[in-house]
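Colleague: sequence and predicted structure are below.
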Amino acid sequence: MIKHYQMYINGEFSPSVSNRTFAVYNPATEQMIFEVPRATIEDVKRAITAADQAQPDWEQLPAVERGRYLHLIADGIRARAAEIAETISLEMGKTLSLATVEVNFTADYLDYMAEWARRYEGEIIQSDRRNEHILLYKKAIGVVTGILPWNFPFFLIARKAGPALVTGNTIVIKPSEESPNNAALFADIVHKVGLPKGVFNLVTGFGDEIGEELSANEKVGMVSFTGSQLTGQKVMAAASQNIIKVNLELGGKAPAIVLADADLDLAAEAIVNSRIINSGQVCNCAERVYVQRSVKAAFLAKLVEKMQAVSYGDPFANSAIDMGPLVNQKGLLKVKALVENAVAEGGQIVLGGNVVDQTGYYFEPTIIDNANNTMAIMRSEIFGPVIPIATFDTLDEAITLANDCEYGLTSSIYTQNLNLAMKLISRLKFGETYVNRENFEAMQGYHAGWRKSGIGGADGKHGLAEYLQTQVVYLQFGDEL
Ligand code: NAD
């Protein structure tokens, strides 16, 4: 049965003013599963206006009361975790177990952000003048728009709405056209907890139709975007029309460096997991591997053994599988083209290498040896279950190869030698470095790409600060009573 979800504008569920809709497909079965409103620019304006009108009163609420709403939303999410996880899994193909982790993490994230309500602070600065106080306030920016990708669709709503709302901003969320329905469930929870109307709004539609309005509307104070580099550039260009602040979380091409003294079992396990989780469609996961020549053969053998054991299929047909399909045919064909190009340029397929000949967008778990940095597979995001491996001899060579990339999101190092790890940490040009562990960030950390991976960041106190602006007040007073 095809489900029909609505948008959520000014506290009401709403179709598009155009009455148009679009279809959402299950990537495991290629069947149409949902139909959702296809927003127009007018719909976006309605949502932004609602957010703008709601913002002053919302900001006047004590922060702890704003935080209480976030706790209520978190509780509402936990109560409907199974339904939300199934929706995520159906529309973008991740396993039910990973979708469940995502949903619970989202609830925990909102609780975490709610707890900042009593903790974020201004300052009082010493003045050079007698009878003057310099007060530094931390205030809401106003209306935030949040534009999302499909790979962690539910969590990313909270990563934007959590810090935005607790600091007194209001928000308009636009999920990816691939995965809008979990966001409709989020809106339903928001509605049921009685969040004041206009504080949280949801519009569903295509980025090339409504993205510019979301990024450039003069009532918007900040556009918080997560997605590809190319779209990030468009968002930034649009935002520049009205000097709107941008927060950009873009793509990555994380190197994993395996040194000769590494625990090879740990490294192989972490790197395989990194390529399998979410079918390899994760911005922070290891996308290219550099292994020291002396341990290359031993490491490759372990990698093959673990990758061979990976099971895949329709998450609903078998809840025990390791990996679902890729999100859509475009993603599948991109992985195929990158693998074919790598082979044409001298890469050697050690495992897999093909599109799976069955319904759904599946690519075989794949390992490519003899990769090098001139190949497209080592330079652009694969976003699939493919591990390309290159070899190095010296530490300096590993550092040069790892940094030879326009992205700067995450990186990982495998070594048991602290001195070597510290040398790598000091020279790697990435916003995040994982040492001897899987690629996964903590909510109290700071997830922020360097170079073309973004501007600003998310999570922790520094992520919260992105949603605040500073007002300095010079308060002068007399001596008279
Ligand atoms: P995408 O750039 O294709 O789309 C992202 C969003 O932008 C969608 O909602 C889309 O509708 C919208 N959009 C499209 N055109 C637009 C325009 N002209 N103006 C405004 N919005 C527009 O990305 P995707 O395929 O959905 O997501 C995958 C990408 O996201 C990968 O590059 C991945 O690395 C990145 N990502 C980054 C992070 C991070 O934290 N850095 C996290 C998750 C995903």
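Modeller: Looks like it arrived, so ask away. Residues are numbered from 1 along each chain as shown.

Colleague: quick check: the gap between residue 251 and residue 240.
Modeller: Using Cβ to Cβ, to the nearest Å, we find residue 251 at a distance of 21 Å from residue 240. C-beta coordinates here come from the backbone N, C-alpha and C atoms, glycine included.

Colleague: do the same with residue 183
Modeller: For residue 183, the distance to residue 240 - Cβ to Cβ - is 27 Å.

Colleague: can you show me the helices along this structure?
Modeller: Under the criterion DSSP state H, the chain contains helices at 41-60, 63-79, 81-92, 96-114, 153-166, 181-192, 207-216, 229-240, 264-276, 296-308, 329-344, 395-403, 418-427, 460-465.

Colleague: who wins for proximity to residue 175 among those helices?
Modeller: Residue 175 sits nearest to helix 181-192 of all those, at 4.0 Å, using Cβ to Cβ.

Colleague: up against the ligand, what does the stretch 251-400 of the chain have?
Modeller: Neighbours of the ligand within the stretch 251-400 of the chain, by Cβ under 6 Å from any ligand atom: 251-252, 283, 381.

Colleague: wait, which of these is closest to residue 140?
Modeller: Within these, the smallest distance to residue 140 is 27.5 Å, found for residue 283 (Cβ to Cβ).

Colleague: tell me who's in contact with that closest one.
Modeller: For residue 283, the contacting residues are 151, 249-252, 381, 409-410, by Cβ atoms under 8 Å, 6 or more residues apart in numbering.

Colleague: which of the residues you listed fall in strands?
Modeller: 249, 410 (DSSP state E).

Colleague: by neighbours, which of the contacts of residue 283 wins?
Modeller: residue 410 (30 neighbours; other Cβ atoms under 10 Å).

Colleague: beta partners of that one?
Modeller: Residue 410 forms beta bridges with residue 432, as assigned by DSSP bridges.

Colleague: distance check, the closest residue to residue 312 other than its chain neighbours against residue 279.
Modeller: Distance criterion Cβ to Cβ, 6 or more residues apart in numbering; nearest residue to residue 312, sequence neighbours excluded, is residue 323 at 4.1 Å. Separation of residue 323 from residue 279 (Cβ to Cβ): 5 Å.

Colleague: which one of the two is surrounded by more residues?
Modeller: Each of residue 323 and residue 279 has its neighbours counted (other Cβ under 10 Å); residue 279 has more, 31 against 24.

Colleague: any idea how far the residue nearest to residue 177 when sequence neighbours are not counted lies from residue 216?
Modeller: Closest residue to residue 177 apart from its sequence neighbours, by Cβ to Cβ, 6+ apart: residue 206 at 5.4 Å. Note on residue 206: its distance to residue 216, by Cβ to Cβ, is 16 Å.

Colleague: the two - which one has more neighbours?
Modeller: Set residue 206 next to residue 216 and count neighbours by other Cβ under 10 Å: residue 216 wins out with 18 against 13.

Colleague: the more buried one - nearest residue in space that isn't next to it in sequence?
Modeller: That would be residue 238: by Cβ to Cβ, 6+ apart, it lies 4.2 Å from residue 216.

Colleague: now residue 452
Modeller: Distance criterion Cβ to Cβ, 6+ apart; nearest residue to residue 452, sequence neighbours excluded, is residue 406 at 4.6 Å.

Colleague: for residue 323 and residue 279, list the residues in contact with both.
Modeller: Shared contacts of residue 323 and residue 279, defined by Cβ under 8 Å, 6+ apart, are found at 312, 385.

Colleague: quick check: which ranges of the protein have low pLDDT?
Modeller: Where the chain drops to pLDDT under 70, the residues are 1.

Colleague: repeat that for 90
Modeller: 1-5, 317-319, 479-481 (pLDDT under 90).

Colleague: I'd say the residue nearest to residue 177 and residue 21 touch.
Modeller: No - counting by Cβ atoms under 8 Å, residue 206 stays clear of residue 21, with 11.8 Å between them.

Colleague: residues that sit against both of the two, list them.
Modeller: Listed as contacting both residue 206 and residue 21 by Cβ under 8 Å, 6+ apart are residue 38.

Colleague: who's in contact with the closest residue to residue 82 other than its chain neighbours?
Modeller: Spatial nearest neighbour of residue 82, chain neighbours left out: residue 100 (7.6 Å); criterion: Cβ to Cβ, 6+ apart. Applying Cβ under 8 Å, 6+ apart, one finds that residue 100 lies in contact with 81-82, 85.

Colleague: if we use 10 Å, what do you get?
Modeller: 81-82, 84-86, 88-89, 94, 319 (Cβ atoms under 10 Å, 6 or more residues apart in numbering).

Colleague: switch those over to TSV; also include neighbour count.
Modeller: Converted to TSV, the contacts of residue 100 look like this (neighbours: other Cβ atoms under 10 Å):
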residue	neighbour count
81	16
82	12
84	27
85	24
86	17
88	26
89	25
94	30
319	12
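
Colleague: nearest to the ligand, of those?
Modeller: residue 94 (12.8 Å; Cβ to the nearest ligand atom).

Colleague: assess the claim that that closest one and residue 319 are in contact.
Modeller: No - counting by Cβ atoms under 10 Å, residue 319 is not a contact partner of residue 94; they are 11.9 Å apart.

Colleague: re the thing from before, from residue 40, how far out is the residue nearest to residue 177?
Modeller: 10 Å.

Colleague: do residue 422 as well
Modeller: 54 Å.

Colleague: more neighbours: which of these two?
Modeller: Shown here are residue 422 and residue 40; by other Cβ under 10 Å, residue 40 has more neighbours (19 against 12).
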